[in-house]
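**Student:** Here's a sequence, model it:
(chains A and B)
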Amino acid sequence: MTRRRLALATILLALGLLAGCSQQEPYSETLLAFGTLVDVTIYTDSPEAAQAAIRAVDEDLRFMHENWNAWRPNTLGRVNLLLPTGEWFSSGPSLLPLIEQSIALSEQSEGLFDPAIGKLVGLWGFQSDSAPEGPPPDEGQIELLLEQAPRMTDIQIDGIRIRSTNPAVRLDFGAFAKGYAVDRVIERLRELGIQDAIVNAGGDLRAIGRHGNRDWRVGIRHPGGDGVIASLQIAGDESVFTSGDYERYFDWEGERYHHIIDPRNGRPAQGVTSVTVLHDNGAEADAAATALFVAGPDDWPRIAARMGIDKVMVIDADGGIALTPAMAGRIRLEGDEPAPFTLRELP
Amino acid sequence: MKPGDWLVVVLAALLIGALYAHFWTPGAPAAYALIHAGDDAARQVALDEHRHLHVEGPLGTSQVEVRDGRARFTASPCNDRFCVHYGWLDHAGEVIACVPNRVVVQLVGPERDFDAINF
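**Tutor:** Next up, the predicted model:
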């Protein structure tokens, strides 16, 4: 009888353990920040903990959006107001790491990623959350800004004080703030004890841990419209960032003008439709996706190597797909007849 | 231990196994079945209408029943008939093979879903 009770107790214990396991499930919320939707998915056995974590993340995102938008009267707005004076001044402490990392990434990318070209971005009208309607800016104005050649390397930092040696510098972190913010959100989630999560900020994402007993599954949308062109499985800690000419643009007199401006000629970069970067750090992946897009279909492998990025998919203007060997080992091209691709070795 | 004790232990083990399978396998319903016979190309079979299929293999005819999103072997010319004893397949990704008669039934899920979409 005692043994039978022991057996029964074993069954009940096993049932209890299994029931405990089965309660782990993804908890998901959508937040509005950076002019886009931010999906936070947390795999957890405590929806309360996930809810509390998402509240904290929501506050962080609001703070970042308020302070890092280049075109509002805020911390960055004040910096942009004072930079043209050429004098030293104290920057808001939340902004300094962003500026420091931007300078480093700009140097690595040979200036192809350069948040100092805020005036060019404004000239084209891509500074606001909504896309402009055109027309394209006056050639003379573009040429003038190109002659003034604002660069991130014009900014000097001394402790918490900064200054610009070039009055044409205007900071716009549109190509970088999302990646930087996603990194901060992941950091905050980890502080709060969350180990398995995906943070997807308007299509650019970072994932940590796993989805229960399987990897996270990420689909990469076809640049031509609906549907998934490729997919990735992620476990551990990786970011997937894509820069595409279809994200923000306007059509003017039969020509399309998109938002990724080439700092070398002040015009939308040509030759590439989209660049997808798989990398551990979100800010670096974000900056690299922009830099490789600007580098164009011939030069991107060289810039990728300089930036320490080895997993890249580039879709060129004709729809041709190029993969680095490391990316080819990870990505799965989807569809009944997956598209052909070419391998591009990094130098 | 008495025979009844053993019975309890065996039942407990089976229950744990079943619960494990239930909670830890991705439980997506299947969209259709693929039926392979020998080296022939697989045949795609919808799971929503009740049908009895006769599939020819080297030993003879295997019978497969399909209904309500599920599929099972109902008869087989093989010796141990393990495929018939297995019972219903009802989850995407499940496979049962009658190895001697070289007939394989595989349930395939709808388009794979993603946790996030990058663009």
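**Student:** what about A:Asp60, which helix or strand?
**Tutor:** In this structure, A:Asp60 is located in helix A:47-68 according to DSSP states H and E.
**Student:** pLDDT (mean, whole number) over that helix?
**Tutor:** Taken as a whole, helix A:47-68 has an average pLDDT of 91.
**Student:** swap in stretch A:97-113?
**Tutor:** Taken as a whole, stretch A:97-113 has a mean pLDDT of 97.
**Student:** where do the helices sit along the chain?
**Tutor:** Went with chain A since none was named. Secondary structure of chain A, counting by DSSP state H: helices at A:2-22, A:47-68, A:75-82, A:96-108, A:118-124, A:139-148, A:177-191, A:282-307, A:325-328.
**Student:** Correction: the question concerned chain B.
**Tutor:** If you assign secondary structure with DSSP H, the helices in chain B sit at B:3-24, B:82-86.
**Student:** circling back: and the angle from the helix holding A:Asp60 to helix A:96-108?
**Tutor:** Computed with axes from the mean of the first three to the mean of the last three CA atoms, to 10 degrees, the direction of helix A:47-68 lies at 70 degrees from that of helix A:96-108.
**Student:** so does helix A:47-68 get close to chain B?
**Tutor:** No: no part of helix A:47-68 sits near chain B under the criterion CB under 8 Å from any CB of the partner chain; the closest distance found is 14.8 Å. The C-beta positions use only the backbone N, C-alpha and C, and glycine is treated the same way.
**Student:** Give me the buried positions along that helix.
**Tutor:** A:50, A:53-54, A:57-58, A:60-61, A:64-65, A:67-68 (16 or more other CB atoms under 10 Å in any protein chain shown).
**Student:** Kindly reformat the helices of chain B as a markdown table containing mean pLDDT, mean neighbour count and distance to A:Glu29.
**Tutor:** Rendered in a markdown table, the data for those read as follows (pLDDT from 0 to 100; neighbours: other CB atoms under 10 Å in any protein chain shown; distance: least, CB to CB, whole Å):
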| stretch | mean pLDDT | mean neighbour count | distance to A:Glu29 |
| --- | --- | --- | --- |
| helix B:3-24 | 75 | 13 | 25 |
| helix B:82-86 | 88 | 16 | 42 |
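**Student:** quick one: which of these is nearest chain A?
**Tutor:** Smallest distance to chain A across these (CB to the nearest CB): 4.4 Å, for helix B:3-24.
**Student:** tell me what the closest one is packed against?
**Tutor:** With contacts defined as 3 or more CB pairs under 8 Å, 6 or more residues apart in numbering or on different chains; DSSP states H and E, helix B:3-24 has these neighbours: helix A:2-22.
**Student:** and A:Ala201, what does it touch?
**Tutor:** Each residue near A:Ala201 by CB atoms under 8 Å, 6 or more residues apart in numbering or on different chains is listed here: A:33-34, A:36, A:38, A:178, A:181-182.
**Student:** Kindly apply the preceding question to A:Pro263 instead.
**Tutor:** With contacts taken as CB under 8 Å, 6+ apart, A:Pro263 has the following neighbours: A:111-112, A:114, A:117, A:120, A:151, A:294.
**Student:** State the number of residues packed around the residue nearest to A:Gly296 when sequence neighbours are not counted.
**Tutor:** When the adjacent residues along the chain are set aside, A:Gly296 lies closest to A:Gly271, with 4.4 Å between them (CB to CB, 6 or more residues apart in numbering or on different chains). As a burial measure, the neighbour count of A:Gly271 was computed by other CB atoms under 10 Å in any protein chain shown and equals 17.
**Student:** now do B:Glu56
**Tutor:** Other residues within reach of B:Glu56, judged by other CB under 10 Å, total 14.
**Student:** Check A:Thr85 too.
**Tutor:** Tallying neighbours of A:Thr85 according to other CB under 10 Å, which is how burial is gauged here, yields 11.
**Student:** Same question for A:Arg264.
**Tutor:** A:Arg264 has 14 neighbours, counted by other CB under 10 Å.
**Student:** what residues are up against it?
**Tutor:** Taking CB under 8 Å, 6+ apart as the contact definition, A:Arg264 lies against A:111-112, A:294.
**Student:** measure it to A:His65 for me?
**Tutor:** Going from A:Arg264 to A:His65 by CB to CB, to the nearest Å gives 30 Å.
**Student:** pLDDT wise, what is A:Arg206 at?
**Tutor:** You'll see A:Arg206 listed with a pLDDT of 98.
**Student:** Who does it form a beta bridge with?
**Tutor:** Assessed by DSSP bridges, A:Arg206 has beta-bridge partners A:Val199, A:Ser239.
**Student:** isn't it right up against A:Asp183?
**Tutor:** Yes: proximity of A:Arg206 to A:Asp183 meets the contact threshold set by CB atoms under 8 Å, at 6.9 Å.
**Student:** Neighbour count for those two, which is higher?
**Tutor:** Comparing A:Arg206 with A:Asp183 by other CB under 10 Å, the one with more neighbours is A:Arg206, at 28 against 21.
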